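> turn this into a model:
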Amino acid sequence: MAETETRNHVLNLTDAAQAMARKFLAEEADPSDKVLRVGVSSGGCSGFSYNVAIDTRKDDDLVQSYEGFDAVIDPISVQFLKNSTLDYVDDIGHAGFKFENPQASGTCGCGTSFTVE
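Numbering: from 1, shown residues only. Below you'll find the model as predicted:
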C-alpha cells in the first residue's frame, strides 16, 4: 500500500483513504454526527463483502479517530478486518476504496468480496 498508514488501529487507513473520507464526510448535510463506517457482510461471489459508507455511530462500534473524522467498525466485522489496510485508488477504469486483508484466503475477480479459512 502506498502512503502513510495510521498504526495501532484494527484497520489502517492510508493517507489517500483518509483524504477521501474527509471529502465524503464534508459533503454531508450535517457532517458533525457522521462517521466513516467500514464493515463486512455475508454475500458477494466469494462469501463476504466489504462495506464502506457514511453513517452514524452506534453504541457498540469500535471507534478509530483520524484527523478530522472518526471511522467505526461493528463488533462482528472487527474479527475480519484485523490488521487490514484500506486505501483509495483512482486508476484507469476504477476509482474507489480498496482493501488489503491478510486474513483473506481468496478474493473474487472484482476485489469486493473475499473468503477466509
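> number of residues surrounding Leu11?
For Leu11, the neighbour count with other C-beta atoms under 10 Å is 23. Glycine gets a C-beta too; all of them are placed from N, C-alpha and C.
> I'd like the distance between it and Asp30.
If you measure Leu11 against Asp30 using C-beta to C-beta, to the nearest Å, the figure is 25 Å.
> so for stretch 61-78, first residue to last residue, what's the gap.
Taking C-alpha to C-alpha, to the nearest Å, stretch 61-78 runs 9 Å from one end to the other.
> with stretch 87-97 instead?
Stretch 87-97 end-to-end distance (C-alpha to C-alpha) = 6 Å.
> excluding its backbone neighbours, what's nearest Gln18?
The shortest distance from Gln18 to any non-neighbouring residue, by C-beta to C-beta, 6 or more residues apart in numbering, is to Tyr66 (5.3 Å).
> measure that neighbour to Gly96 for me?
If you measure Tyr66 against Gly96 using C-beta to C-beta, the figure is 19 Å.
> also Asp87?
Taking C-beta to C-beta as the measure, Asp87 falls 10 Å from Gly96.
> out of those two, which sits in the busier spot?
Neighbour tally, Asp87 and Gly96, criterion other C-beta under 10 Å: the higher count belongs to Asp87, 20 against 13.
> what about that one, distance to Phe99?
8 Å.
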